[in-house]
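# Pasting a predicted model and its sequence here:
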Amino acid sequence: MAWLIGLLVVIGVAIAWFVGMYNGLVNLRNRFKNAFAQIDVQLKRRHDLITNLVETAKSYMSHERETLEAVIAARNSAEGARERAASDPGNAGAMQSLATAEAGLSGVLGRLFALSEAYPDLKANQNMMQLSEELSTTENKIAFSRQAFNDAVMRYNNKSEIVPSNIVASMFGFQRAEFFEIEIAAEREAVKVQF
């Protein structure tokens with residue numbers, strides 16, 4: 001009789017351990033998904049601000065049509081990548097596509113700001129100054145949100161790779177999550193917004 005009680009206790013402890021590991025992994029996965037949702041909000045805001053910025057610049061920079069179109073194309077590409085990443089923030093391919101699209105957008109946006117230096121009326125436009133300030137603030141929020149996301153991904157990846165929780169992770173298909181990183185050092189810097 002005592003061995004039966006002992007066996008039931010051991011089985012109960014094993015089940016509790018197993019459930020605890022599983023729930024811990026689910027908790028960490030939900031945390032990094034929530035952290036990405038914060039990035040998603042800021043990226044959406046950034047993309048909307050860029051559309052307004054281009055609309056404001058159009059009337060002043062009619063000779064720079066190619067640059068304006070490049071900004072809109074890059075913005076649309078980044079928006080599509082954002083939507084794909086938002087649907088599955090743990091997908092490595094989606095996160096890499098998002099990082100590449102955002103880096104491309106930052107590059108053409110930098111070119112737009114450099115060209116705007118030649119248009120003093122545009123620099124003095126109140127709407128353009130306000131949009132630039134909002135964009136600068138949003139860039140800072142994106143950087144903070146990206147840091148929080150990467151921290152959450154690191155905690156999740158550590159938990160899913162460390163013994164013994166890696167056993168539970170592999171049994172239930174917990175995949176390694178990808179960091180949201182910009183690969184090129186020059187692209188790691190926030191877009192300089194000056195008018």
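On my side now, so go ahead.
# list the helices and strands the lowest-mean-pLDDT helix or strand in the chain packs on?
When the helices and strands of the chain are scored by mean pLDDT, DSSP states H and E, helix 120-124 comes last with a mean of 83. Contacts defined by 3 or more CB pairs under 8 Å, 6 or more residues apart in numbering; DSSP states H and E place helix 120-124 against no helix or strand at all. C-beta: built from backbone N, CA, C; applies to glycine.
# Give me the residues contacting that helix.
56, 57, 60, 61, 116, 117, 128, 129, 195 (CB atoms under 8 Å, 6 or more residues apart in numbering).
# Only the buried subset of those residues, as a PyMOL command please.
Filtering the contacts of helix 120-124 down to the buried ones (16 or more other CB atoms under 10 Å) takes a single PyMOL command:
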select buried, resi 56+57+60+61+116+128+195
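# Next, format the contacts of helix 120-124 as TSV and append secondary structure and distance to residue 148.
Below are the contacts of helix 120-124 laid out as TSV (DSSP: H, G, I helix; E, B strand; the rest coil; distance: CB to CB, whole Å):
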residue	secondary structure	distance to residue 148
56	helix	31
57	helix	32
60	coil	37
61	coil	36
116	helix	32
117	coil	34
128	helix	31
129	helix	29
195	coil	30
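# ok, the contacts of helix 120-124 vs residue 71, which is closest?
Among the contacts of helix 120-124, residue 57 lies closest to residue 71 (CB to CB), at 8.6 Å.
# Local confidence estimate at the closest one?
Residue 57 is assigned 90 on the pLDDT scale.
# If we ignore the residues flanking it in sequence, what's nearest it?
residue 122 (6.1 Å; CB to CB, 6 or more residues apart in numbering).
# low-scoring stretches of this structure, by residue?
Counting by pLDDT under 70, the chain shows low-confidence ranges at 183-195.
# Going along the chain, name the helices of it.
2-58, 65-87, 92-116, 120-124, 126-161, 165-171 (DSSP state H).
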